[in-house]
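Q: 3D model of this:
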Amino acid sequence: MTRHKKRHKRRSALALATALGALTLGAAPASAAPTWTETGTAHVNSLTGSQGLASRADGSLLYRGLGSIPLSLRVAGWTHVGDPDVARGYTFDAYQGGDSATKKMFAVTTAAGKRTTYEHALDPGELLNNSFASVSPDGQWLVSGEWGTRERLQVFPTPVLNASAPQPGANLPQAGQISLDKPVTNIQGCDFTDATHLLCSSDAATKEVLDITLDRPLDGQPVTGRVATAFAIPQRSVCKGTFESEGIDYDAARGTLRVQMVPPSPCLVTTAMISYKRG
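A: Got it, this is the predicted structure:
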């Protein structure tokens, strides 16, 4: 190789290295997914606390189980309650009926205990399951989910809080859905950690918490969600068999995440509530 060609090769390599360095310096640093550190475990009565939980503004916790369903709603055919949420002082519950149900229902309860119900007639292809209710941080949108393996989460205008939501007695329509970049299985509950992030408990074989990143805050139009695994939910019990992950709650004011795990029979009479802190 001649001296001229060697100098040319060195100059080309230097130019390439400089260009790559400029690209590296100019690129925005990738944001690392938050890590969650387990801080403790408490136990609740499964009859009244195995289906979900939500934190109130004062830090106290609201629980839901099959024993939490008011008699009047049970008589009306609402036989399952999902993971609840508390927003702006209201409690939001997700209810579903039996296998022949053609509607699902959300109940909104004031701090004084006055309950109002809002029904949604199933759209074509929509499953009857109503696994959870999660209100966006701005209070305007109510996120819910079905069962099985799905590639979406459902979005509704939040009753009472969103001016576009209908009055009781009128059908509560879906708004723009959250389309997921990969399928999710058996989502039991979700809660917002901020306007573009949801943590969801999955009762798939791996029993894990999923981190869903939205491409923008909910606005009533279709939104895309990117799914990643946050962590596996511990399965600890003296009883052997199949565990079931259940509700999830993020207390934003205190930075505490809680997720529920129901142990196998006969230990299923109490539900584990595992707490985490970010970092």
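
Q: Going by C-alpha atoms from here, please, whenever you check contacts or count neighbours.
A: Noted.

Q: all strands of the stretch 101-250 of the chain, in order?
A: Assigned by DSSP state E, counting those that start in this stretch, the stretch 101-250 of the chain shows strands spanning 103-109, 115-121, 134-135, 141-144, 149-157, 178-185, 187-194, 197-202, 208-214, 223-232, 244-251.

Q: and of those strands, who's closest to Ser60?
A: The minimum distance between Ser60 and the strands of the stretch 101-250 of the chain falls on strand 244-251, with 10.0 Å, by CA to CA.

Q: returning to that earlier point: can you lay out the strands of the stretch 101-250 of the chain as JSON lines showing mean pLDDT and mean neighbour count?
A: Shown next, in JSON lines, are the strands of the stretch 101-250 of the chain (pLDDT from 0 to 100; neighbours: other CA atoms under 10 Å):
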{"stretch": "strand 103-109", "mean pLDDT": "98", "mean neighbour count": "21"}
{"stretch": "strand 115-121", "mean pLDDT": "98", "mean neighbour count": "17"}
{"stretch": "strand 134-135", "mean pLDDT": "98", "mean neighbour count": "27"}
{"stretch": "strand 141-144", "mean pLDDT": "98", "mean neighbour count": "25"}
{"stretch": "strand 149-157", "mean pLDDT": "98", "mean neighbour count": "19"}
{"stretch": "strand 178-185", "mean pLDDT": "98", "mean neighbour count": "17"}
{"stretch": "strand 187-194", "mean pLDDT": "98", "mean neighbour count": "26"}
{"stretch": "strand 197-202", "mean pLDDT": "98", "mean neighbour count": "25"}
{"stretch": "strand 208-214", "mean pLDDT": "98", "mean neighbour count": "21"}
{"stretch": "strand 223-232", "mean pLDDT": "98", "mean neighbour count": "17"}
{"stretch": "strand 244-251", "mean pLDDT": "98", "mean neighbour count": "26"}
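
Q: Quick one: closest of the ones you listed to Gly97.
A: strand 103-109 (6.9 Å).

Q: ok, back up a step: go through the strands of the stretch 101-250 of the chain and name the closest to Asp85.
A: strand 134-135 (5.5 Å).

Q: those helices in the chain, which residues are they?
A: Using DSSP state H, the helices of the chain run over 3-26, 46-49, 71-75.

Q: Those: lowest mean pLDDT?
A: Averaging pLDDT over each of these singles out helix 3-26 as the lowest, with a mean of 40.

Q: ok, now which ones touch the most centrally placed residue in the chain?
A: In the chain, the centroid-proximal residue (CA atoms, centre = their mean) is Cys190; its distance is 1.4 Å. Residues in contact with Cys190, defined by CA atoms under 8 Å, 6 or more residues apart in numbering, are 132-134, 144, 198-201, 247-249.

Q: and the two most separated of those residues?
A: Ser144 and Asp249 (14.0 Å).

Q: still on that earlier bit, make CSV out of the contacts of Cys190 and add distance to Leu268.
A: Formatted as CSV, these follow (distance: CA to CA, whole Å):
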residue, distance to Leu268
Phe132, 21
Ala133, 24
Ser134, 25
Ser144, 25
Leu198, 27
Leu199, 24
Cys200, 22
Ser201, 18
Gly247, 15
Ile248, 18
Asp249, 20
